[in-house]
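Visitor: Structure for the following, please:
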Amino acid sequence: MQQEHSAGGTGMTKTFTIRQLTKEFAVTARALRFYEEESLIAPARRGQTRLYSPRDRARIMLILRGRRVGFSLAELRELLDLYDGPGGSASQMAEARRKFSERIEVLERQKLDIEQSLQELRDGIQNIDAALGSVAH
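Guide: Numbers count the residues shown, from 1 in each chain. This is a model prediction of the structure:
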């Protein structure tokens with residue numbers, strides 16, 4: 001982590017390099033540049049060096065968590081924009097809650113589909129084992 005003088009010169013602002021964030025989050029520099037291209041994060045520049053703010057770091061954390069649970073980049077952009085846009089935090093949280101609930105429903109359906117598929121495969125193995133056992137005798 002680096003310390004940098006704020007624009008007004010009245011304090012210090014923490015910044016992170018791309019290398020620090022790739023190590024911390026186990027992602028590639030290319031992934032962070034992609035999130036920047038998609039306007040999900042907006043690191044400052046010092047020459048060719050990207051300097052990530054605590055806000056960028058928090059957004060990366062949210063992006064990665066969202067991707068793990070199946071949110072698309074478009075959905076993540078909407079969620080992140082809720083916190084940047086006008087309006088009260090209660091309406092922002094209500095919208096985020098609605099989106100989270102929708103994602104839970106999707107994941108629950110996928111979980112059920114996976115459990116059914118696993119049972120079908122187990123049944124198939126039992127049928128094969130039974131057929132192989134009758135052939136061996």
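
Visitor: What helices and strands are in contact with the helix or strand hosting residue 119?
Guide: When elements are assigned from DSSP states H and E, residue 119 belongs to helix 89-136. For helix 89-136, the elements it packs on are helix 73-84, judged by 3 or more CB pairs under 8 Å, 6 or more residues apart in numbering; DSSP states H and E. (Each C-beta comes from the backbone N, C-alpha and C, glycine too.)

Visitor: who does the helix it packs on touch, helix- and strand-wise?
Guide: helix 54-68, helix 89-136.

Visitor: The last one to helix 54-68, inter-axis angle?
Guide: What separates the directions of helix 89-136 and helix 54-68 is an angle of 30 degrees, with axes from the mean of the first three to the mean of the last three CA atoms, to 10 degrees.

Visitor: so helix 89-136 versus helix 73-84, what angle?
Guide: Between helix 89-136 and helix 73-84, the angle comes out at 150 degrees (the same axes, to 10 degrees).

Visitor: about what we covered before: what distance separates the helix holding residue 119 from the middle of the whole chain?
Guide: Counting by CA atoms, centre = their mean, to the nearest Å, helix 89-136 is centred 21 Å from the centre of its parent chain.

Visitor: Please apply the same query to stretch 30-50.
Guide: Per CA atoms, centre = their mean, the centroid offset for stretch 30-50 relative to its chain is 16 Å.
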